[in-house]
Structures are given as C-alpha cells and as structure tokens.
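build me a structure from this.
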Amino acid sequence: MALFFFFAIGFPVACWTIIKLVKILKGCGKKERKATAEETRMIQELHSNRRNWKIRLNHWRP
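Sure, this is the predicted structure:
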C-alpha cells in the first residue's frame, strides 16, 4: 500500500519539485525572457542611434 502511494503521489511531486528547482537555478522564467528580449531591443536601438550620430558627425566635419 505504501509503495502505491509513493508512486501515485510522492514520485510525481518529487519530480515536479526537481524540475522547478532546475528552472529557478537556470533562470528561464517567462518574465525573465521578456525582460531579456526588451533589453536586447533597447541595446540594438542604442547601437543604431549611435551609428547614425557617428555618420552625421562625419558628414559635418570639414
């Protein structure tokens, strides 16, 4: 009877806990992925703006 409860309840709970711990330690949550995508977009935008200013300054110099 105890073996049945282990496989029916204990084993799935233990596996779920291990999976959640790995996800937490790895840092692959949905919110973090959104933040990473937003940060990437901002960095690309800053780089693009910097490049545009560099081109403008090169044309402005005599």
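
from residue 56, how far off is residue 45?
In this view, residue 45 and residue 56 are 17 Å apart by CB to CB, to the nearest Å. No exception for glycine: its C-beta is placed from N, CA and C like everyone else's.

low-confidence ranges in this structure?
5-6, 28-33, 35, 61-62 (pLDDT under 70).

again, 80 this time
1-7, 24, 26-36, 51-62 (pLDDT under 80).

for it, just list every one of the helices.
Assigned by DSSP state H, the chain shows helices spanning 2-5, 11-26, 30-60.

can you lay out those as a markdown table showing mean neighbour count?
Shown next, in a markdown table, are the helices of the chain (neighbours: other CB atoms under 10 Å):
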| stretch | mean neighbour count |
| --- | --- |
| helix 2-5 | 8 |
| helix 11-26 | 10 |
| helix 30-60 | 10 |
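
now do residue 39 against residue 45, distance only.
Going from residue 39 to residue 45 by CB to CB gives 11 Å.

show me how far stretch 52-62 is from its chain's centre.
Relative to the centre of its chain, stretch 52-62 is centred 37 Å away, using CA atoms, centre = their mean, to the nearest Å.

what do you get for stretch 40-48?
Mean-position distance between stretch 40-48 and its chain equals 17 Å (CA atoms, centre = their mean).
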